[in-house]
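Enquirer: Make a model of this:
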Amino acid sequence: MLKDQVDTLEVVSLLKQIIHEDLTLTFSPGYSWGGKYMTSTEIHCDKGTVLFFIDANELDYVDFVRLADGREGEFDFWNNAENTGCKNPLTFLTESEIKVLINKLDRAIS
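Expert: Numbers count the residues shown, from 1 in each chain. Next comes the predicted model:
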């Protein structure tokens with residue numbers, strides 16, 4: 001692991017903060033949410049930036065993250081078999097947390 005690489009559990013922590021705290025979410029221009037079969041959606045909050053990949057109109061995986069301290073992480077690292085214990089951060093969330101996250105994304109874009 002690179003010294004400045006954001007690991008899976010740090011991304012999970014950021015996602016849980018987005019889910020459970022009252023953070024202001026903004027979308028990057030050029031990214032979309034909803035109504036697309038396959039796309040990417042980038043959101044920002046004061047804790048960092050998250051790029052989600054959406055497939056079949058569902059959150060599929062976290063593709064990239066940049067924390068407020070400037071450190072970054074990406075799906076190719078988390079999903080690499082050599083990185084034991086690393087995987088898609090969304091797999092650490094419960095179904096109800098995913099629903100809350102989607103609702104927050106829906107509200108932020110409207």
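Enquirer: centre of the chain versus the lengthiest helix in the chain, how much separation?
Expert: If you go by DSSP state H, the chain has its longest helix at helix 95-109. Chain-centre distance of helix 95-109: 12 Å, with C-alpha atoms, centre = their mean, to the nearest Å.
Enquirer: can you list contacts of it?
Expert: When contacts are defined by C-beta atoms under 8 Å, 6 or more residues apart in numbering, helix 95-109 is touched by residues 15-16, 18-19, 25-27, 33-34, 41, 43, 59, 90, 93. Heads up, the C-betas are built off the backbone N, CA and C, glycines and all.
Enquirer: List the buried residues of it.
Expert: Neighbour-count burial for helix 95-109 flags Glu97, Val100, Leu101, Lys104, Leu105, Ala108 (criterion: 16 or more other C-beta atoms under 10 Å).
Enquirer: gap between the fifth one and Val12?
Expert: The one in question is Leu105. To Val12, Leu105 is 17 Å away according to C-beta to C-beta, to the nearest Å.
Enquirer: what do you get for the third one?
Expert: Remark: distance between Leu101 and Val12 (C-beta to C-beta) = 12 Å.
Enquirer: part of a helix, is Val11?
Expert: Yes. With DSSP: H, G, I helix; E, B strand; the rest coil as the criterion, Val11 is part of a helix.
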